[in-house]
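S.K.: Following is a predicted model, sequence given first.
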Amino acid sequence: MSTSPAKPGGPVLTADGTPLKTSLERSLKLSKLRALGLIVPPLLFLIILFVIPIGSLLTRSVDDGLSNKVLPKTLAAFERWDKTSEPDESMFEAVALDMKAADKLELSKLGTRMNYEKSGWRSLLKITARGLNRVEGPPYKPAMLELNKRWGDIKFWQSLGAMKDPVTLGYYLKAVDLQYDGNKNIMRVKKHNRIYQMLWWRTFLVSLIVTVGCLVLAYPVAHLLATLPLRLSNLLMICVLMPFWTSLLVRIVSWMVMLQRNGVVNDSLVSLGLLHDESRLSMMYNFAGTVIVMTQILLPFMILPIYSVMKTIPSSYMKAAQNLGATPALAFIKVYMPQTIPGVGAGCILVFIVAIGYYITPELVGGKDGRLIGNLIAYHMQNSLNWGLAAAMGTILLIAILTLYWVYDKLVGVDNMKMG
Amino acid sequence: MMTGNDPLVRFVNIQKSYDGETLVVKNLNLNVENGEFLTILGPSGSGKTTCLLMLAGFEPATHGEIYLKDQPINRVPPHKRGIGMVFQNYALFPHMTVAENLAFPLDVRGMSKSEKTEKVKRALDMVQLGGYGDRQPAQLSGGQQQRVAVARSLIFDPDLVLMDEPLGALDKNLREQMQYEIKSIHRNLGITMVYVTHDQSIALTLSDRIAVFENGVIQQCAAPDVLYEQPENAFVANFIGENNRLIGTVVEDNGDTVKVDVNNGHIVEAKKVNVDGIGSQSTLSLRPERVVVDPEPDSLPNVFPAKTKQLIYLGDHIRTRFSICGTDDFIVKIPNSAVHAAISEGDEVKIGWKVEDCRAVDA
């Protein structure tokens, strides 16, 4: 093989005289194109099924453009108003003209939206829309007061203030039991309406208890898996994975059989004489039920990462520690356990993240005391159709998880995390 | 009854089985003298590491008793034996710095902080790693990790240090350098070391005595030169150094020497080492460097015609394969000197050897 004589100072050339860099780029071009071709399908998949939905979730959680679109004149009149005096004819006229011009479907959507700020708006809009057809204005004020006397209630007018901006944090405030008053000041909602703060705390607490419970249960199992002879550890691994292969519903229903008042656990305790028949434990449709069942369901998520880390720790470390004079217990605590931290961290993060958004288990066994934020998101998605609020709560969950991840990165380092 | 020179360690009738069907160690009796460097040498699977693990306390002996300073230690857990050990892959704790690794045995013994700092510093100096205390083990090269592991096994002043093939993972140059360092540490500190390896060159370099293991049995336990010059059986002769083997039947027993018929009528006179007598099978063991090519006539009792099969040039010597006495792989190392005339493949020459260089051992 001949190589080109290197000209001093000039670019390095290949044998046929083209610059080496050009030649290198040309030779790599095909493999680069091929690599690009390979990542296109997963990239599209990710964009269509993850980036776009999450983006629309974020948008929906702050979007409040509907009121501006349907009621432009009303909101302009609202701006001129001093917020305290009785609304004058010009404001009534603005409302009437807006409503006459509005699309029926959008008006009904807006009614739902306005109801979040002050209940009564939806029926008020409905009645007014129907009645306005017969009203020849101006003046509109007497006719509208005739249609419904709520138009005379200044609180309805004031509540428009929370809707005048096309972008709102109202859903986020609502998700933590806060709201805007007419002047866009943030205040707490009335005491008997507060539910979300308590739910957030409960969700956090349940996730924490489930994570700790999983850790306590998983650590010995993972250690056993990593140290048993291959044949036995394979068998044990199947036992660990079996729940994965069983339908979630089947598992939850079998827990119902176990935990209910006349279930297996209570019956056994009573027949063993440990419990009076009348003082049977209630472990279902409450906090305890949610925690017990979620711990069982999420256990493999803890076992697998810890196991995968433990498997890589050679037994010689424990031997060396004992050889150097540490008792087996001390060797375990000072030498073995610190080396399992990457697995423990990964397991805890995984379980906590899955637990914090869990929905199906609390729905089925949680009852009233065991419902979590996930259930409320589902409720607002499916029943109340308050998608803005659901999106806001989902976004808060997302932020909580990212924060948690960030804290973990600061404390342990994500590079140290081993998922399995 | 016991004198001041009692052995430090005694294996008495030790047997070990893992599965209850086969014995990994068969009736081991071995003494380790105070201050000596004893190497247990054997092929993999010969039971040598098992012996070390039993001594360190990680494997229980199935039968028999191990004594350390005349105390039976079968029931003493590993952390109370006070024996240092260097593991094959060093087993430096990856989550601790070098200094923390070294301080670990001192920590668990509740040593004061100042004393600890002093000892760690001295240990690092001993292995020439003075400024490396704050490094993580992963930041060190293989040789440096090795040194830390050795220092850690010595830092709590054990009477006995065990080493389980600690040089196995190093490249050749480093291995040689480390083996001299270990040798000098042993000499300077005067402690007892038991070293397990399958590498005979390390064993020959380091040891005061070598115990050659095969199939759970000590084949021979002797000083390196004795082992090389006077192997007692065919396994030792083959395992230590290069060796030519001629197999035949004893036809004449003269007390010190025997004459062996090497199958096709060639009678070889050899030193009697380990044979039963006339009629028994015997392996003749002959070192390649003890064979003379083209000897003076009548200067040697054993001279045979040979055909040159292959020559391999190795710089300081030429490794030559001959066909002789019915065998095709008889190796002779011919020194690369002016004395020897050059021979080439296919040449017919005469080669010979002395009686005492040819040892008649078991078949």
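M.R.: On my side now, so go ahead. Since the model is a prediction, treat every value here as computed from it, not as a measurement.

S.K.: Can you name the residues that contact residue A:113?
M.R.: Counting by Cβ atoms under 8 Å, 6 or more residues apart in numbering or on different chains, residue A:113 touches A:64, A:66, A:67, A:163, A:388. C-beta here means a position set from N, CA and C on the backbone, and glycine is covered the same way.

S.K.: in what helix or strand does it lie?
M.R.: Residue A:113 belongs to helix A:104-117 when assigned by DSSP states H and E.

S.K.: State the number of residues packed around residue 349.
M.R.: With no chain named, the answer covers chain A. Neighbour count for residue A:349, taken as other Cβ atoms under 10 Å in any protein chain shown: 22.

S.K.: My question was about chain B, not that one.
M.R.: Close neighbours of residue B:349, defined as other Cβ under 10 Å, add up to 16.

S.K.: ditto for residue B:356
M.R.: Residue B:356 is flanked by 13 other residues according to other Cβ under 10 Å.

S.K.: one step back: chain B: which of the contacts of residue A:113 is nearest?
M.R.: Checking the contacts of residue A:113 against chain B with Cβ to the nearest Cβ, the nearest one is residue A:388 at 48.0 Å.

S.K.: That closest one - that's part of a helix, no?
M.R.: Yes - the assignment for residue A:388 is a helix, going by DSSP: H, G, I helix; E, B strand; the rest coil.

S.K.: Show the contacting residues for it.
M.R.: Residue A:388 is in contact with A:60, A:61, A:63, A:64, A:113, A:170, A:171, counting by Cβ under 8 Å, 6+ apart.

S.K.: Tell me which two of those sit farthest apart.
M.R.: Distances among the contacts of residue A:388 were taken as Cβ to Cβ; the most separated pair is A:61 and A:113, at 13.6 Å.

S.K.: Closest one to residue B:25 out of the contacts of residue A:388, please.
M.R.: Using Cβ to Cβ, those come closest to residue B:25 at residue A:61, 71.7 Å.

S.K.: Flag every residue of chain B that's near chain A.
M.R.: Applying Cβ under 8 Å from any Cβ of the partner chain, one finds that chain B approaches chain A through B:56-58, B:77-79, B:82-85, B:87-89, B:91, B:93-95, B:104-105, B:108-109, B:152-153, B:156.

S.K.: which of these are buried?
M.R.: B:56-58, B:78-79, B:82-85, B:87-89, B:91, B:93, B:104-105, B:108, B:152-153, B:156 (16 or more other Cβ atoms under 10 Å in any protein chain shown).

S.K.: Now, the residues you listed that are in strands?
M.R.: Counted as lying in strands by DSSP state E, out of those, are B:83, B:84, B:85.

S.K.: Tell me who's in contact with the residue in the stretch 151-300 of chain B that chain A sits nearest to.
M.R.: The stretch 151-300 of chain B approaches chain A most closely through residue B:156 (6.5 Å), counting by Cβ to the nearest Cβ. Shown in contact with residue B:156 (Cβ under 8 Å, 6+ apart): A:324, A:325, B:82, B:84, B:105, B:106, B:109.

S.K.: Return the distance of the lengthiest helix in chain A from the chain's centre.
M.R.: Taking DSSP state H as the criterion, chain A has its longest helix at helix A:196-227. Relative to its chain's centre, helix A:196-227 lies at 18 Å (Cα atoms, centre = their mean, to the nearest Å).

S.K.: Now that helix: buried residues?
M.R.: Those would be A:196, A:199-200, A:202-204, A:206-207, A:209-211, A:213-215, A:218-219, A:221-223, A:225-226, for helix A:196-227 by 16+ other Cβ under 10 Å.

S.K.: How about it and chain B, any contact?
M.R.: No - contact of helix A:196-227 with chain B (Cβ under 8 Å from any Cβ) is absent, the minimum separation being 14.0 Å.

S.K.: follow-up on the earlier one: make JSON lines from the contacts of residue A:113 and add pLDDT and distance to residue B:13 to it.
M.R.: Formatted as JSON lines, these follow (pLDDT from 0 to 100; distance: Cβ to Cβ, whole Å):
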{"residue": "A:64", "pLDDT": "87", "distance to residue B:13": "90"}
{"residue": "A:66", "pLDDT": "88", "distance to residue B:13": "93"}
{"residue": "A:67", "pLDDT": "88", "distance to residue B:13": "95"}
{"residue": "A:163", "pLDDT": "83", "distance to residue B:13": "94"}
{"residue": "A:388", "pLDDT": "90", "distance to residue B:13": "84"}
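
S.K.: which one of the contacts of residue A:388 is nearest residue B:163?
M.R.: Minimum distance to residue B:163 across the contacts of residue A:388 is 65.2 Å, recorded for residue A:61 (Cβ to Cβ).

S.K.: Any regions of the stretch 51-200 of chain A where pLDDT drops low?
M.R.: A:182 (pLDDT under 70).

S.K.: Same check on chain B?
M.R.: B:1-5, B:263, B:338-341.

S.K.: ok, now the stretch 301-420 of chain A?
M.R.: By pLDDT under 70, the weakly predicted segments of the stretch 301-420 of chain A are A:414, A:416-420.
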